[in-house]
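Undergrad: just a sequence and a predicted model for now, questions to come.
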Amino acid sequence: MKSKRYYVYLMMNPINTVVYTGVTSNLVRRVYEHRNKSVDGFTKKYNVTKLVYYECFDDPISVINREKQIKAGSRQKKIDLIIKKNPKFLDLYQMII
């Protein structure tokens, strides 16, 4: 039986000036919603459409704890996290679909 997966992710606007941190159990669907501005809120208002970082977890407690840890960090810490795995700030959406 396939276990459920949970994701913490970082997204940016096209010019990399806004960073958004989120958590989901369906990364493809959630990023699609952000990209298509399906849900009113921060990402729609600030044109956050580019997936630049994500981590995968097996349980919801771990992913929520990681999300809190990332959100508690500075903007620079988020940028540093992205640079370690995605130094060119490429949109990773095509890699996950």
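TA: Received the coordinates, thanks. Given the structure is predicted, the values throughout are model-derived calculations rather than measurements.
Undergrad: mind naming the longest helix for this structure?
TA: Using DSSP state H, we find that the single longest helix of the chain is helix 60-72.
Undergrad: what residues sit buried inside that helix?
TA: By neighbour count on 16 or more other Cβ atoms under 10 Å, the buried set for helix 60-72 is 63, 66-67, 70. (Each C-beta comes from the backbone N, C-alpha and C, glycine too.)
Undergrad: reformat the residues you listed as JSON lines; add pLDDT and distance to S25.
TA: Output for the buried residues of helix 60-72, formatted as JSON lines (pLDDT from 0 to 100; distance: Cβ to Cβ, whole Å):
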{"residue": "V63", "pLDDT": "98", "distance to S25": "9"}
{"residue": "R66", "pLDDT": "98", "distance to S25": "14"}
{"residue": "E67", "pLDDT": "98", "distance to S25": "12"}
{"residue": "I70", "pLDDT": "98", "distance to S25": "17"}
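Undergrad: dump those to JSON lines, plus distance to Y93.
TA: Output for these, formatted as JSON lines (distance: Cβ to Cβ, whole Å):
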{"residue": "V63", "distance to Y93": "19"}
{"residue": "R66", "distance to Y93": "21"}
{"residue": "E67", "distance to Y93": "19"}
{"residue": "I70", "distance to Y93": "19"}
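Undergrad: tell me the one of those residues nearest I15?
TA: I70 (21.4 Å; Cβ to Cβ).
Undergrad: now do the helices in the chain.
TA: Going by DSSP H, the chain shows helices at 27-35, 42-45, 60-72, 75-85, 93-96.
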